[in-house]
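Undergrad: I'd like to go over a predicted model; first the sequence, then the structure.
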Amino acid sequence: MDHQPTLQGVFWVALGGAAGSLLRYLTNFGVEFLHPEGLLLTATAVENVLGSFLMGGLFIILTHRYTSGNLNLFLVTGLIGSYTTYSGFGVEAFLIHDESPILFFSYIFSQVITGVAALFCGMWIGRRFVNHQE
């Protein structure tokens, strides 16, 4: 894959991103319709697991069978990337796993913990902002 962005590459990412965003939107409706309680089976959980599954398969297929950068940009970066960012996290963890199991687990736990911590910090700041505006 090229490291320099091209207009053609931007087009394929945008097209895949539009399709992935729509797929995510429809998944939310589908999960809510099929499972309205939404405790553990939430739309985000479905998107993360399904997206990770698709990312894993596409990652292997595209890196071993196809050299089309545009197909990779459309499917992996655009479609799956906009459907879920968790799938990208999975691929990075897979690549790190080959280097060191300790680094692998450190990466996973640090991402999850800092991600949740960042969410709470953002919520705290958002609440402060909203309360300050009232």
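TA: Yes, it's here. Numbers count the residues shown, from 1 in each chain.

Undergrad: following the lowest-mean-pLDDT helix or strand in the chain, which helix or strand comes up?
TA: Taking mean pLDDT, DSSP states H and E as the measure, the chain has helix 86-97 as its least confident helix or strand, at a mean of 81. Beyond helix 86-97 on the C-terminal side, the first helix or strand identified by DSSP states H and E is helix 101-133.

Undergrad: on that earlier part again, pull the residues that contact the least confident helix or strand of the chain.
TA: Residues outside helix 86-97 that contact it (C-beta atoms under 8 Å, 6 or more residues apart in numbering): 47-48, 51-52, 54-56, 59, 80-81, 103-104, 107-108, 111. No exception for glycine: its C-beta is placed from N, CA and C like everyone else's.

Undergrad: redo that, cut-off 7 Å
TA: Contacts to helix 86-97, defined as C-beta atoms under 7 Å, 6 or more residues apart in numbering, come from residues 48, 51-52, 54-56, 59, 80-81, 103-104, 107-108, 111.

Undergrad: For those, which single residue is the most surrounded?
TA: When neighbours are counted by other C-beta atoms under 10 Å, I80 leads the contacts of helix 86-97 with 30 neighbours.

Undergrad: domains of this structure?
TA: Residue ranges for the domains of the chain, per automatic domain parsing: 7-98, 101-134.

Undergrad: Out of these, which one sits most buried?
TA: Most buried of the domains of the chain, by mean neighbour count (mean count of other C-beta atoms under 10 Å): domain 7-98, with a mean of 16.

Undergrad: Output stretch 31-46 as PDB, nothing but the C-alphas.
TA: Taking Å, rounded to 0.1, in the frame of the first residue of the first chain, the C-alpha atoms of stretch 31-46 are listed here in PDB:
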ATOM      1  CA  VAL A  31     -29.900  -5.300  17.000                       C
ATOM      2  CA  GLU A  32     -32.400  -3.000  18.700                       C
ATOM      3  CA  PHE A  33     -35.200  -4.700  16.800                       C
ATOM      4  CA  LEU A  34     -34.000  -8.200  17.600                       C
ATOM      5  CA  HIS A  35     -32.800  -7.600  21.100                       C
ATOM      6  CA  PRO A  36     -34.400  -4.500  22.600                       C
ATOM      7  CA  GLU A  37     -33.000  -5.100  26.200                       C
ATOM      8  CA  GLY A  38     -29.500  -4.600  24.900                       C
ATOM      9  CA  LEU A  39     -27.600  -5.700  28.000                       C
ATOM     10  CA  LEU A  40     -24.500  -7.600  26.700                       C
ATOM     11  CA  LEU A  41     -25.700  -8.000  23.200                       C
ATOM     12  CA  THR A  42     -25.500  -4.300  22.100                       C
ATOM     13  CA  ALA A  43     -25.100  -3.000  18.600                       C
ATOM     14  CA  THR A  44     -21.500  -1.900  19.500                       C
ATOM     15  CA  ALA A  45     -20.700  -5.400  20.700                       C
ATOM     16  CA  VAL A  46     -22.100  -6.900  17.500                       C
END
